[in-house]
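In: missing the sequence, but the structure's below:
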């Protein structure tokens, strides 16, 4: 039987196990949307902006471990998807973007909303393709899903000409294929174990490859067996349980000095599934020239991109750890090591929350103290970029796998839509997003999406009425020359209520816990606006000096 291109696309989505697809509707791919009408097992989530749809798909992929799918119309819609596609690229998140395209006879005529999509997205994606014949949909779309999830995962873009989706043809059936990841060479693993055993000051950095391979429990066994201190890469907090005695802290903005020194002084560094991002390496200054680097990654293109490894091992984190435990011998008890104990104690002291409260604003130290006390450990946390996230990074201990969804790309506007995706992926877990007022206003319209689909997440908006991160840089590099960073905002709690969500406004610490409990009890999407001191721009800011300044100004 002949089927249309639109129906063929949806049939491949079904065979690939797609359960959710995120979009803003568009005329150029109506054939796909119409076919979805007959497939209720694939839920179509219609967002209010393509950027929100792409963040939802990216957050869904992280929380579910499956390929995220987003869809948009040609040109303008596709351009709006770019922020989420870039996030997926930098975060190694499997994503397939299905984009409607101009009719084939109209190409190269500057047709309505025409963009050469394959070229436009080529440097952002692992692969881009335009399917110009309906017969090739099974072949090329299955390949797109394979490319997105294999090796180092990432985004793939598929352009679908409007008229091609309406063509009909006999479909050849292709299977969905998921090849096993490459396994490391046994001799390389043995060499790595020998290097670690001979080292006096080894340390391991766990990245997104550990999370993607679901290798957290194996990493715990390996760290215990080898007595290794473990740090987590930038915004990969949940790659290793933070309260575990071998955990030493995280890399990123505000990394404590003790950890930077421990890594710089290490004679052997094991990098497991991490690409050494600019932020995590403190502008590529993390490792000493004297350190020996064992770099394990599923993608050989990573090796030498930032640091030249003494030993490069191609393979996924789970395969490496499985073999490494066979070589090392698994141990169920943690042997004593003064260095490991000291580094973990440093982390625990650094991350201990402070019950600091104020009546004038919400003190962020006290706020985090209450957050830690109130949220269940299986809560999934998402966040935007912004200085507010420094408090989250420092004080929230991620002790369970699959509990953090955040952008290493530093994308603003990410928190709320990513939380929608994460909650749809893990409906039985609490989901809480953190945003600053600047980032929240970039995607706040997705509150309506959460309300329309009855997605009960909690969105916390830390409001200081400024672009805080940029203001901090501005005051550091161009003191007393403030420009462009002041903001004015609506009452976010009232805005949430207008959208049909639960809204709370918190102006002092004593109000927060009751507001959070009411938001949870509402069973609806909720927004909690938290009013903070605009003079305190970052975690660790000297609050005494700020208070003295306020008094002198009065």
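Out: Received the coordinates, thanks. These figures come from a predicted structure and were not determined experimentally.
In: for residue 43, list each beta-bridge partner.
Out: As for beta bridges, residue 43 partners with residue 20 under DSSP bridges.
In: burial count for it?
Out: As a burial measure, residue 43 scores 14 neighbours (other CB atoms under 10 Å). Placement of C-beta: from N, CA and C, glycine included.
In: offset the numbering so it begins at 751, please.
Out: Okay, residue one is now 751; in that scheme the one you just asked about reads as residue 793.
In: go ahead and confirm it touches residue 769.
Out: Yes - contact criterion CB atoms under 8 Å: residue 793 and residue 769 qualify, at 6.7 Å.
In: give the rounded mean pLDDT of the strand or helix carrying residue 970.
Out: Assigned by DSSP states H and E, residue 970 belongs to helix 966-976. Averaged over helix 966-976, pLDDT sits at 96.
In: go through that helix and flag the buried ones.
Out: 966, 968, 969, 970, 971, 972, 973, 974, 975, 976 (16 or more other CB atoms under 10 Å).
In: center of the protein, which residue is that?
Out: Nearest to the mean C-alpha position of the chain, by CA atoms, centre = their mean, lies residue 1156 at 3.1 Å.
In: OK, contacts around that residue?
Out: 985, 1131, 1132, 1133, 1139, 1164, 1168 (CB atoms under 8 Å, 6 or more residues apart in numbering).
In: try it again at 6 Å.
Out: 985, 1133 (CB atoms under 6 Å, 6 or more residues apart in numbering).
In: quick check, residue 1285 in a helix?
Out: No - counting by DSSP: H, G, I helix; E, B strand; the rest coil, one finds residue 1285 to be coil, located in no helix.
In: can you get me a residue count around it?
Out: Count around residue 1285 with other CB under 10 Å applied: 15.
In: relative to residue 1058, how far out is residue 1032?
Out: 18 Å (CB to CB, to the nearest Å).
In: more neighbours: which of those two?
Out: Comparing residue 1032 with residue 1058 by other CB under 10 Å, the one with more neighbours is residue 1032, at 15 against 11.
In: and the more buried one, backbone torsions?
Out: Torsion angles at residue 1032 (phi, psi; degrees, to the nearest 10) stand at phi 60, psi 60.
In: report pLDDT for it.
Out: pLDDT, residue 1032: 95.
In: which residues touch it?
Out: With CB under 6 Å, 6+ apart, residue 1032 has no contacts at all.
In: coming back round to it: which other helices and strands contact the helix holding residue 970?
Out: helix 1067-1078 (3 or more CB pairs under 6 Å, 6 or more residues apart in numbering; DSSP states H and E).
In: let's go with 10 Å and repeat that
Out: Applying 3 or more CB pairs under 10 Å, 6 or more residues apart in numbering; DSSP states H and E, one finds that helix 966-976 contacts helix 936-948, strand 952-956, helix 958-962, strand 980-982, strand 1018-1022, helix 1067-1078.
In: closest one to residue 915 among the ones you listed?
Out: Among these, the nearest to residue 915 by CB to CB is helix 958-962 (32.2 Å).
In: what helices or strands is that closest one leaning on?
Out: Applying 3+ CB pairs under 10 Å, 6+ apart, one finds that helix 958-962 contacts helix 800-814, helix 966-976, strand 980-982, strand 1018-1022, strand 1042-1047, helix 1067-1078.
In: and the residue nearest to the centre of the chain, what pLDDT?
Out: Reported pLDDT at residue 1156 in the predicted model: 95.
In: how about the helices in the stretch 1151-1300 of the chain?
Out: Counting by DSSP state H, counting those that start in this stretch, one finds helices in the stretch 1151-1300 of the chain at the ranges 1165-1175, 1187-1193, 1196-1202, 1218-1227, 1242-1249, 1262-1272, 1293-1303.
In: ok, now the stretch 801-950 of the chain?
Out: Using DSSP H, counting those that start in this stretch, helices in the stretch 801-950 of the chain cover 826-841, 867-870, 887-899, 936-948.
In: could I get the ones you listed as CSV with mean neighbour count and distance to residue 1281?
Out: Shown next, in CSV, are the helices of the stretch 801-950 of the chain (neighbours: other CB atoms under 10 Å; distance: least, CB to CB, whole Å):
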stretch, mean neighbour count, distance to residue 1281
helix 826-841, 23, 28
helix 867-870, 17, 42
helix 887-899, 21, 41
helix 936-948, 16, 49
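In: tally of neighbours for residue 1061?
Out: By other CB under 10 Å, the residues close to residue 1061 number 18.
In: spit out the contact partners of it.
Out: Residues counted as contacts of residue 1061 (CB atoms under 10 Å, 6 or more residues apart in numbering) are 938-939, 941-942, 944-945, 1018, 1020, 1042-1046, 1053.
In: ok, of those residues, which one's closest to residue 1212?
Out: residue 1020 (35.6 Å).
In: bridged to that closest one, which residues?
Out: residue 954, residue 1044.
In: now the nearest residue to residue 883 once chain neighbours are set aside: how far from residue 1154?
Out: Excluding the flanking residues, the one nearest residue 883 by CB to CB, 6 or more residues apart in numbering is residue 914, at 7.1 Å. When distance is defined by CB to CB, residue 914 is 40 Å away from residue 1154.
In: now do residue 1176
Out: 12 Å.
In: so for these two, which residue has more residues nearby?
Out: The residue with more neighbours, out of residue 1176 and residue 1154, is residue 1154; 24 against 18, by other CB under 10 Å.
In: for the residue lying closest to residue 751 once chain neighbours are set aside, what are its contacts?
Out: Excluding its sequence neighbours, the residue lying closest to residue 751 (CB to CB, 6+ apart) is residue 920, at 7.5 Å. Residue 920 is in contact with 751, 752, 753, 884, 885, counting by CB under 10 Å, 6+ apart.
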